[in-house]
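Trainee: with the sequence up front, the predicted model follows.
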Amino acid sequence: MKPAAHLILDQLKKSHVEQEGLRIADLFEQDSGRFDRFSANCGDILFDYSKTGIDAETRGLLFELAAAAGLNEKRKALFDGEIVNVTEGRAVQHMALRSSVDQSVMLEGEDVVPAVLGVRDRMVRFATDVRSGRIAGKGGAFTDIVNIGIGGSDLGPVMATAALAPDHDGPRTHFVSNVDGADILDVLKRVDPAKTLFLVASKTFTTQETMTNAATARAWLVAALGEDAVGDHFAALSTALDKTGAFGIADDRTFGFWDWVGGRYSVWSAIGLSLMIAVGPEKFERFLAGARAVDEHFQTSQMESNVPVLMALVGIWHRNICGYDTHAVLPYDQHLHRFPAYLQQLDMESNGKRIDLNGDEVSTATGPIVWGEPGTNGQHAFYQLIHQGTSVIPADFLIAAHPAEPVGDHHEKLAANAFAQTEALMFGKTVKQVEETLREQGLAADEIARLAPHKVFPGNRPTCTFLYPRLTPFILGQLIALYEHKVFVQGAIWNINSFDQWGVELGKELAGELLPMVKGEKDAEGRSGSTQGLLAAYHAMRNTA
């Protein structure tokens, strides 16, 4: 973090100390118009951050912090196609993937939009032909699509296809990611080989988990339909044409993307082909348009109304000033049940860094632990800890005004629960209120004294709420892009590289070394005592099974 930014951070910490004892509820008492002043719109999405401990003074300091960190310059560098992923020497332009025909995105003196649109046009033709049955398998039109990938090649499309389930009018979609054989076998049990299309998603076509699963799917298909069926039943989302060709996939069924697209930012690219087949090209275009609208909002809106910037600054306040370690994402929208998992990768892989852009150890906390589940399920699981645990956990609540699939008064009950939870987390319930409730229930004084401490809710627990009309492709594109840019802003303030992921490498390297030992082809001499002991126990169990 830059020295000027550190000075402002110190001011924020001092302000936080001075505010000790001031509760979020007090801020509403002091300012009857707080909701209007501490909420903002991005298109049809309302972002409410009024139920946080940020007041006008601290918000002003947070804006100064962003400016001192060089946010405007770093944002311009990002959109101008400069090399912002400095450890890999790459520009970062996933935004170009959602470009429209009238846009131009320059990288190294070349407009990349024509190439992006070229791949998208090929995707549209392929998806349209699969959906219509013009591209078919040995048994006729495809009824099932199986996407085989991992990480960004899985989390994006699996989340988005689930989110837009009511919009599906194409073949059924399935996803395989885990190298655990149960994952691929569970899917293969549910599909007909003669009517199944496999999409193998790996840029290099070497990802161990993906290629292991792809080989299993290929062998299963060949056993059922013969070797000559491979070309009809597989397509590739990859740039390694030599490897896809060797696998048996023709070049016209291979859809590439670029090294300026990180995996966790790739759902807008060919990696989203399964989504396009499921919902159709027109709705996929609306999905892209939603993200494109946020790109424009992020570049042109002032900080006071810039939703990704506000999201990021609220997170900086919670992480660096309040010292909160985790962040919960709680969608009150069942179709967003994979959204927290998607954001785990987006945020934790991007900003889970301890080294800054200068190669020095960071002097502040960086990315939080991101987790969550949809409401109201979470209320009957972990909300106990959120309400009465010893850790304060800031949370994002997401709720639509209209359900994607209306039935009775289900949605009204869902929305009531969402709004109630944010209110309960802010206000809590004092011992005086608890005692009064227990007296009204007719409990004796000694029983009230015994129970009251257990029923107190401390409150003063911060939440933000996203309210949107209905979960459509356009709104989903907006939501994803909002969080993408939030992550960028936080990385810019922390002065870290949000676009590399070296932390995933070491485990993969060691797994490669250990595989021969697990298979019993090599002795474990030289490994740690624990590893040797585990391997010996593993082989003993395998030999007695």
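Mentor: Okay, I see it. Numbers count the residues shown, from 1 in each chain.
Trainee: OK, contacts around Ile369?
Mentor: Asp325, Thr326, His327, Met348 (C-beta atoms under 8 Å, 6 or more residues apart in numbering). For every residue, glycine as well, the C-beta is placed using N, CA and C.
Trainee: what's around the first one, how many residues?
Mentor: Yep, that's Asp325 we're talking about. Using other C-beta atoms under 10 Å, Asp325 has 12 other residues around it.
Trainee: could you do the third one as well?
Mentor: Look at His327: counted by other C-beta under 10 Å, it has 24 neighbours.
Trainee: list the buried residues for the one helix or strand Ile386 maps to?
Mentor: Assigned by DSSP states H and E, Ile386 belongs to helix 383-388. Counting neighbours by 16 or more other C-beta atoms under 10 Å, one finds that the buried residues in helix 383-388 are Tyr383, Ile386, His387.
Trainee: and what of stretch 159-173?
Mentor: Using 16+ other C-beta under 10 Å as the test for burial, stretch 159-173 gives Met159, Ala160, Thr161, Ala162, Ala163, Leu164, Asp167, His168, Gly170, Pro171, Thr173.
Trainee: those in strands, which ones?
Mentor: Among the buried residues of stretch 159-173, DSSP state E puts Thr173 in strands.
Trainee: which pair in the buried residues of stretch 159-173 has the greatest spatial separation?
Mentor: Taking every pair in those and measuring C-beta to C-beta, the maximum separation is 18.5 Å, between Met159 and Pro171.
Trainee: let me see the mean pLDDT of stretch 348-355.
Mentor: If you average the pLDDT over stretch 348-355, you get 97.
Trainee: list the buried residues of that stretch.
Mentor: Along stretch 348-355, the positions that meet the burial threshold by neighbour count (16+ other C-beta under 10 Å) are Met348, Glu349, Ser350, Asn351, Gly352, Lys353.
Trainee: what kind of secondary structure is the first one in?
Mentor: Same thing as Met348. Going by DSSP: H, G, I helix; E, B strand; the rest coil, the secondary structure assigned to Met348 is helix.
Trainee: and it, what does it touch?
Mentor: By C-beta under 8 Å, 6+ apart, the residues touching Met348 are Gly367, Ile369, Val370.
Trainee: run through who's touching the helix or strand containing Gln421.
Mentor: Gln421 belongs to helix 410-427 when elements are defined using DSSP H and E. Contacts made with helix 410-427 from outside it, assessed by C-beta under 8 Å, 6+ apart, are listed as 24-25, 51, 330, 332, 375-376, 379, 383, 386-387, 395, 397, 399-403, 457, 459-463, 465.
Trainee: what about the strands in the stretch 201-350 of the chain?
Mentor: Under the criterion DSSP state E, counting those that start in this stretch, strands of the stretch 201-350 of the chain are mapped to 234-237, 254-255, 326-332.
Trainee: name the surrounding residues that touch the shortest one.
Mentor: By C-beta under 8 Å, 6+ apart, the list of residues contacting strand 254-255 from outside reads Val119, Arg122, Met123, Phe126, Ala235, Ala236, Leu237, Ser238, Leu241, Thr244, Ala270, Leu273.
Trainee: try 7 Å this time
Mentor: When contacts are defined by C-beta atoms under 7 Å, 6 or more residues apart in numbering, strand 254-255 is touched by residues Val119, Arg122, Met123, Ala236, Leu237, Ser238, Leu241, Thr244, Ala270, Leu273.
Trainee: now a ChimeraX select for only the buried ones of these.
Mentor: Of those, the buried ones go into a single ChimeraX selection, burial set by 16+ other C-beta under 10 Å:
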select :119,122,123,236,237,238,244,270,273
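Trainee: what about the helices in the stretch 251-400 of the chain?
Mentor: Secondary structure of the stretch 251-400 of the chain, counting by DSSP state H, counting those that start in this stretch: helices at 273-279, 281-300, 307-316, 339-343, 350-351, 383-388.
Trainee: so the third one versus helix 281-300, what angle?
Mentor: Taking axes from the mean of the first three to the mean of the last three C-alpha atoms, to 10 degrees, helix 307-316 and helix 281-300 form an angle of 70 degrees between their directions.
Trainee: report the angle between helix 307-316 and strand 326-332.
Mentor: Orientation of helix 307-316 against strand 326-332 (the same axes, to 10 degrees) gives an angle of 130 degrees.
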